[in-house]
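S.K.: The following comprises the amino acid sequence and a computationally predicted model.
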Amino acid sequence: MTNDTHTSPVQTTVSEGIARLVLNRPQKRNAFDDAMIATITSALQGWHDDDTIQALVISAQGDTFCAGADLGWMKRTAKLDYEANLADAQGLAQMMKLLDSFPAPVITLVQGSAFGGALGIICTSDIVLASTDARFCLSEVKLGIIPAVISPYVVRAMGERNARRYMLTAELISAESALSMNIIHHLFDEQADAASAVEKLVATIRNNGPEATRACKQLIADISGREIDDELLQLTSNAIAEIRNTPEGQEGLGAFLEKRTPSWQKQAGEE
């Protein structure tokens, strides 16, 4: 699946097992509108069941990752009735859920400003790298609204205590503070260094068992926030027993014991 026209608000490509989604409205500071949300949602739906995809990389053109909601879109929603606003919000909620539940690892690269809904993309991602000039803001209350749709992911990432402060004040969050609050994972002085680090992460993920990586991501979702009881112990026991008996599990364990390279690494190197 490829959508690389210069006029598209989102560029989507897949190459050698890596899906890439690039926000492409630099003239609008990559602000969301309903068309961009629909394009991202369509891409995620199309990629969801593609087992050849080993990672999804999200980035943005220009100096700003995403300025939040597009002003024109906000003006349109202000004129909608409750039912139309509900449908509009559900479209954004669907996109965020698809990102959060994407089967393969999601890596996001952030530069410049990341405001409002951009925090949803960031907090649904598995790994987030940012340049030191990045700044973040849950700015909704300044506009008389609330960060409702993205709140489950943001609160999970930064914790309730931090969410109480930054959702209620709409203060700017520096890159260093975002790092300390687990909004992002790594900081880089230059965007080029961050982009290089993304590609190293992609190479690292490609060396791992593709099925195991997906199963591991699902495992994290299955156990998060659960009490460690007999039911959870049974779930985790079933998970390891099942993966050991897959062809990939057998190949990986065999390669380790025989001190050889597993077949998926050879395939990756041959592409």
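M.R.: Done, it's in.

S.K.: isn't Ile183 right up against Phe136?
M.R.: Yes: using Cβ atoms under 8 Å, Ile183 is in contact with Phe136, at 6.3 Å. For glycine as for every other residue, the C-beta is placed from the backbone atoms N, C-alpha and C.

S.K.: These two: which is more packed in?
M.R.: In this view Ile183 and Phe136 are compared by other Cβ atoms under 10 Å, and Phe136 has more residues nearby, 27 against 24.

S.K.: So what does the residue lying closest to that one once chain neighbours are set aside look like in phi/psi?
M.R.: Nearest non-adjacent residue to Phe136, counting by Cβ to Cβ, 6 or more residues apart in numbering: Ile173, 4.1 Å away. In this entry, Ile173 is assigned phi and psi values of phi -110, psi 120 (degrees, to the nearest 10).

S.K.: residue ranges for the helices of the protein, please.
M.R.: 34-48, 71-78, 82-100, 118-124, 151-158, 160-169, 175-180, 191-206, 210-223, 230-244, 247-257, 263-270 (DSSP state H).

S.K.: Work out the gap between the fifth one and the centre of the chain.
M.R.: Translated: helix 151-158. Averaging C-alpha positions (Cα atoms, centre = their mean, to the nearest Å) puts helix 151-158 13 Å from its chain's average.

S.K.: Report the inter-axis angle for that helix versus helix 82-100.
M.R.: 40 degrees (axes from the mean of the first three to the mean of the last three Cα atoms, to 10 degrees).

S.K.: relative to helix 160-169, how tilted is helix 151-158?
M.R.: Going by the same axes, to 10 degrees, helix 151-158 makes 130 degrees with helix 160-169.

S.K.: which outside residues touch helix 151-158?
M.R.: 96, 100, 119-120, 122-124, 138, 147, 163, 166-167, 181-183 (Cβ atoms under 8 Å, 6 or more residues apart in numbering).

S.K.: same thing but 7 Å
M.R.: Helix 151-158 is contacted by residues Met96, Asp100, Leu119, Gly120, Cys123, Thr124, Leu138, Pro147, Ala163, Met181, Asn182, Ile183 when judged by Cβ atoms under 7 Å, 6 or more residues apart in numbering.

S.K.: I figured Pro210 hits Thr52, correct?
M.R.: No: in this structure, Pro210 is not within contact of Thr52 by Cβ atoms under 7 Å, at 8.0 Å.

S.K.: about what we covered before: what's the closest of the helices of the chain to Thr108?
M.R.: The closest of those to Thr108 is helix 118-124. By Cβ to Cβ, the value is 5.9 Å.

S.K.: List the buried residues in the closest one.
M.R.: Buried residues in helix 118-124, counting neighbours by 16 or more other Cβ atoms under 10 Å, are found at Ala118, Leu119, Gly120, Ile121, Ile122, Cys123, Thr124.

S.K.: helices or strands up against that helix?
M.R.: For helix 118-124, the packing partners by 3 or more Cβ pairs under 7 Å, 6 or more residues apart in numbering; DSSP states H and E come out as helix 82-100, strand 106-110, helix 151-158.

S.K.: Output that helix in PDB with nothing but the alpha carbons.
M.R.: What follows is helix 118-124, C-alpha atoms only, in PDB (Å, rounded to 0.1, in the frame of the first residue of the first chain):
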ATOM      1  CA  ALA A 118      -0.700  14.700  19.000                       C
ATOM      2  CA  LEU A 119      -0.300  13.400  22.500                       C
ATOM      3  CA  GLY A 120      -2.700  10.600  21.600                       C
ATOM      4  CA  ILE A 121      -0.500   9.400  18.800                       C
ATOM      5  CA  ILE A 122       2.600   9.700  21.000                       C
ATOM      6  CA  CYS A 123       1.000   7.900  24.000                       C
ATOM      7  CA  THR A 124      -0.400   5.000  21.900                       C
END
